[in-house]
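> I would like to see how this sequence folds:
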Amino acid sequence: MTDFGWIALLPPLLAIALAIISRQVYLSLAAGVWLGGAILEGWNPFAGLARAIDMTVAVLADAGSARAILFTLVIGSLIATIETAGGVRGFVHAIERRELITSARRAQLLPYILGILIFIESNITVLVAGAVGRPLFDRFRVSREKLAYIVDSTSAAVCIMIPLNAWGAYVLSLLGGLGVANPLATFVRSMPFNFYAIAAIVLAGIVVSTGWNIGPMRRAEARARTGKVLSEGAAPMVDPDVIAPEPDPGVEPRARNMILPILAMVLMMPVGLYVTGGGDLRAGSGSTSVLWAVMFGLAVAWALLLAQGTMRVPRLMQVALKGAGGLVPMASVLLLALALAAVAEALGTGAYVAQVVTGRLAPAALLPLIFVVAGFTAFSTGTSWGTFAIMMPIAVPTAMTMGLPVAPFVAASLSGGIFGDHSSPISDTTIISSMASATDHVDHVRTQLPYALVAAAFAVLAFAVVGASM
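Below is the predicted model of the structure:
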């Protein structure tokens, strides 16, 4: 395999720079994939374009990636169905009747709580919490950037703390492949050391409860209080009317039309892990189980509406297809992000970063170092899962070789991956948070980054303390 050295950093850095400068996420990701293809083809731009197209198409050849993209379309169908059936509006009305949402602070608390409760998959968390929170935020004049920050901070950070979901299944499979004797017990022991995820969740709660706005978020909130939901020149990444349409005329808004399908998804997730794992939840397929869970939620939504007699099959199909179409941009971003991750893997981007940095500091700084390297890798590649796959085979054997407990090293790898993913403008979770909140993507990145850095600073200090005590 060719050692590309620092050149391996160019494709993700190009994508990041273009995304920030041009605000064109699709073209930025595509440019990164094209540059990576050109490098792999000896800097031939035309052969590189052909290689880039082939690598993008090859993403669909991977069953897990194909399921993730299909899941994206199905969740669009589910959200559109729930919206058209008046589920979200009924849920909001039920809360208002009980006078639970009477202020901007309580409006922010709702998506925060939903982000913690809907933990089966980060994209589901973001899309549902965003759909519920968006009308409330607009009504109480809270910025959509704040909504994007809240749903982003309670998606991956929450999901990585749960063993029995898609994220947990993936981490357990990595630990099992590295020869860890008891992957589940190791994962559970790593949870208290997952300092960035904990800090991100707690910090978002503090922001919600105190209204602590710093840097660009302060300016966004001041603008929102004047009634402007978007900044000057902002371009939302998706039209909320497509994936969140008005309820059909004559349809009575009912909270159960939202609650029951989502509850069905949550309950179906461990069932899917159990079935795909042959009776072992830890061995289940996360991507398959998530897809099954969303499809089951959609089936429950259809069954409810047919039983109520409010919608017939042709109308349900029309809404489902429209909702899936509304998330084609998100599926396209996911496809390009996965292609860029494949380019980074082919160039050895993550391995290069890890090789350059690890082993150059004293053992007392090892855990903070792993966190920082994982964070930079995830920021550069836009994928936390890819970062886990890169960093865990480095961190776990290092701990074993040195005779140190494995759990803190696992936590440092996971924490760093979440931090980089949370901060990167080319991360699918960051992009989807912008879409779900119907805000400008670069505005979301700029307003969220100061909070991410605060949580990261806490994590570095905490890992330093733990590392020094080992």
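
> Distance-wise, check Ile201 relative to Val266.
Ile201 is 19 Å from Val266, where distance means Cβ to Cβ, to the nearest Å. All C-beta spots, glycine's among them, are computed from the backbone N, C-alpha and C.

> cool, Ile82 as well?
Between Ile82 and Val266 the computed distance is 14 Å (Cβ to Cβ).

> In terms of neighbours, single out the busier of these two.
Remark: of Ile82 and Val266, Ile82 carries more neighbours, 32 against 16, as counted by other Cβ atoms under 10 Å.

> For that one, give me its contacts.
Taking Cβ atoms under 8 Å, 6 or more residues apart in numbering as the criterion, Ile82 is in contact with 88, 131, 257-258, 261, 301.

> average pLDDT across the one helix or strand it maps to?
Secondary structure assignment for Ile82, by DSSP states H and E: helix 63-84. Over the span of helix 63-84, the pLDDT mean works out to 80.

> can you pull the buried residues of that helix?
65-84 (16 or more other Cβ atoms under 10 Å).

> and if you look at stretch 368-378?
368-378.

> Out of the residues you listed, which comes closest to Leu316?
Ala378 (38.9 Å; Cβ to Cβ).

> what residues are up against the residue lying closest to that closest one once chain neighbours are set aside?
Residue nearest to Ala378 in three dimensions, not counting chain neighbours: Gly420, with 2.5 Å by Cβ to Cβ, 6 or more residues apart in numbering. Contacts for Gly420 (Cβ under 8 Å, 6+ apart) come out as 374-380, 384, 387, 427.

> Redo those as a markdown table? Include pLDDT.
Converted to a markdown table, the contacts of Gly420 look like this (pLDDT from 0 to 100):
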| residue | pLDDT |
| --- | --- |
| Ala374 | 86 |
| Gly375 | 90 |
| Phe376 | 85 |
| Thr377 | 80 |
| Ala378 | 83 |
| Phe379 | 86 |
| Ser380 | 79 |
| Ser384 | 81 |
| Thr387 | 77 |
| Ser427 | 82 |
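
> Sitting in helices, which of those residues do you find?
Judged by DSSP state H, the subset of the contacts of Gly420 located in helices is 374-380, 384, 387.

> closest to Gln108 among those?
Out of these, the member with the shortest distance to Gln108 (by Cβ to Cβ) is Ser384, at 24.9 Å.

> Wait, that closest one touches Ser415, no?
No: between Ser384 and Ser415 there is no contact under Cβ atoms under 8 Å: 10.2 Å.

> of these two, who's got more company?
Shown here are Ser384 and Ser415; by other Cβ under 10 Å, Ser415 has more neighbours (33 against 30).

> ok, Ile426 - contacts?
If you count contacts by Cβ under 8 Å, 6+ apart, Ile426 has them with 12, 15-16, 19, 25, 28-29, 32, 337, 340, 381-382.

> Identify the farthest-apart pair in those.
Val25 and Thr381 (15.2 Å).

> between the two, who's got more neighbours?
The residue with more neighbours, out of Val25 and Thr381, is Thr381; 33 against 25, by other Cβ under 10 Å.

> Might you report the residue contacts of that one?
Thr381 is in contact with 12, 340-341, 344, 349-350, 387, 424, 426, counting by Cβ under 8 Å, 6+ apart.

> Helix or strand for the residue nearest to Ala378, just tell me which one.
The secondary structure element spanning Gly420 is helix 406-423 (assigned by DSSP H and E).

> Tell me what angle the helix ranked longest in the chain forms with helix 406-423.
In the chain, taking DSSP H as the definition, the longest helix is helix 441-469. On the basis of axes from the mean of the first three to the mean of the last three Cα atoms, to 10 degrees, helix 441-469 is oriented at 160 degrees to helix 406-423.

> Give me the buried positions along helix 441-469.
Using 16+ other Cβ under 10 Å as the test for burial, helix 441-469 gives 441-449, 451-452, 454-456, 458-460, 462-464, 466-467.

> Could you name the helices and strands sitting against it?
Secondary-structure packing of helix 441-469 (3 or more Cβ pairs under 8 Å, 6 or more residues apart in numbering; DSSP states H and E): helix 10-22, helix 144-153, helix 195-210, helix 216-224, helix 366-381, helix 406-423, helix 428-437.

> Under the pLDDT cut-off, which ranges of the stretch 51-200 of the chain? List them.
For the stretch 51-200 of the chain, the stretches flagged by pLDDT under 70 are 120-121, 164-166, 169, 173-174, 177-179.

> So which residues of it form helices?
63-84, 87-97, 104-117, 122-139, 144-153, 156-159, 166-177, 183-190, 195-210 (DSSP state H, counting those that start in this stretch).

> Quick one: residues contacting Leu136.
92, 101, 107, 110, 142.

> Save these as JSON lines, and put in neighbour count too.
Shown next, in JSON lines, are the contacts of Leu136 (neighbours: other Cβ atoms under 10 Å):
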{"residue": "Val92", "neighbour count": "22"}
{"residue": "Ile101", "neighbour count": "18"}
{"residue": "Ala107", "neighbour count": "24"}
{"residue": "Leu110", "neighbour count": "21"}
{"residue": "Val142", "neighbour count": "24"}
